[in-house]
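Trainee: okay, structure incoming, though there's no sequence with it:
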């Protein structure tokens with residue numbers, strides 16, 4: 001049951017990373033839009049400055065007020081852009097932390113490999129002990145040794161996959177758990 005919580009935690013971490021990546025993408029798009037608006041406003045300001053100079057000669061104070069308003073708007077957009085850039089930087093730092101957490105999923109793979117190897121070792125030990133008890137002869141040269149060799153090779157493969165961060169299939173562990181639950185009566189059996 002512990003591997004289920006680890007799996008859920010790993011999936012949650014991956015979802016957080018995906019959402020952070022999507023958020024960064026949205027922030028970049030918003031930043032680009034603000035940059036475009038800022039350059040558009042700046043070109044409008046430059047145009048109005050030229051017109052104002054012409055209209056100052058004609059003494060048009062209403063247009064001068066429009067220029068001031070547009071300048072304030074451009075300054076507000078610049079402030080918003082700066083805040084968004086700071087948010088993007090903060091999200092990038094959070095993304096680095098999430099990437100470190102994602103690296104921990106390799107440890108989950110290694111732990112799963114260890115569990116699988118433990119189940120295999122238990123299964124193999126049970127085979128050897130059972131055969132030795134029944135036959136009374138040494139296990140060397142026996143077909144059990146061949147099974148041991150296959151199981152050990154499989155354990156080496158599982159260990160290699162775990163070290164690479166791959167999550168191995170837990171077929172032997174699942175079978176061991178299924179066998180153990182069949183051998184032990186459940187609590188609901190006693191309540192009848």
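Mentor: That came in fine, so what should we check first? This one's a predicted model, so the numbers in the text were calculated from it and none came from an experiment. Numbers count the residues shown, from 1 in each chain.

Trainee: mark out where each domain of this structure begins and ends.
Mentor: As recorded under automatic domain parsing, the domains making up the chain are 2-103, 105-182.

Trainee: pick out the shakiest of these, pLDDT-wise.
Mentor: Lowest mean pLDDT within those: domain 105-182, a mean of 69.

Trainee: residue 31 contacts residue 87, correct?
Mentor: No: because the distance of 9.2 Å does not satisfy C-beta atoms under 8 Å, residue 31 is recorded as not touching residue 87. Just so you know, the C-beta spots here come from the backbone N, C-alpha and C atoms, and that holds for glycine as well.

Trainee: beyond the helix or strand hosting residue 31, next helix or strand please.
Mentor: In this structure, residue 31 is located in helix 2-58 according to DSSP states H and E. Toward the C-terminus, helix 2-58 is succeeded by helix 61-103 as the next helix or strand (DSSP H and E).

Trainee: show me what that next one is packed against.
Mentor: Packing partners of helix 61-103 (3 or more C-beta pairs under 8 Å, 6 or more residues apart in numbering; DSSP states H and E): helix 2-58.

Trainee: distance-wise, check residue 71 relative to residue 20.
Mentor: For residue 71, the distance to residue 20 equals 36 Å [C-beta to C-beta, to the nearest Å].

Trainee: ok, now residue 50?
Mentor: Taking C-beta to C-beta, one finds residue 50 at 45 Å from residue 20.

Trainee: of the two, who's got more company?
Mentor: Shown here are residue 50 and residue 20; by other C-beta atoms under 10 Å, residue 20 has more neighbours (17 against 10).

Trainee: pretty sure that one sits against residue 91.
Mentor: Yes: assessed by C-beta under 8 Å, residue 20 is found in contact with residue 91 at 6.2 Å.

Trainee: intersection of neighbour lists for those two?
Mentor: Contact criterion C-beta atoms under 8 Å, 6 or more residues apart in numbering; no residue bridges residue 20 and residue 91 by contacting each.

Trainee: returning to that earlier point: mind giving me the packing neighbours of the helix holding residue 31?
Mentor: Contact partners of helix 2-58 among helices and strands, from 3+ C-beta pairs under 8 Å, 6+ apart: helix 61-103, helix 105-135.

Trainee: got the angle for it vs helix 61-103?
Mentor: The directions of helix 2-58 and helix 61-103 differ by 160 degrees, with axes from the mean of the first three to the mean of the last three C-alpha atoms, to 10 degrees as the criterion.

Trainee: what sits against the closest residue to residue 37 other than its chain neighbours?
Mentor: Leaving aside its sequence neighbours, residue 37 sits nearest to residue 77 (C-beta to C-beta, 6 or more residues apart in numbering; 5.9 Å). The neighbours of residue 77, taking C-beta under 8 Å, 6+ apart as the test, are 34, 37, 38, 41.

Trainee: can you flag the buried ones in those?
Mentor: In the contacts of residue 77, burial by neighbour count holds for 34, 38, 41, counting by 16 or more other C-beta atoms under 10 Å.

Trainee: of these, closest to residue 173?
Mentor: Using C-beta to C-beta, the shortest approach to residue 173 within the buried ones among the contacts of residue 77 belongs to residue 34, at 53.3 Å.
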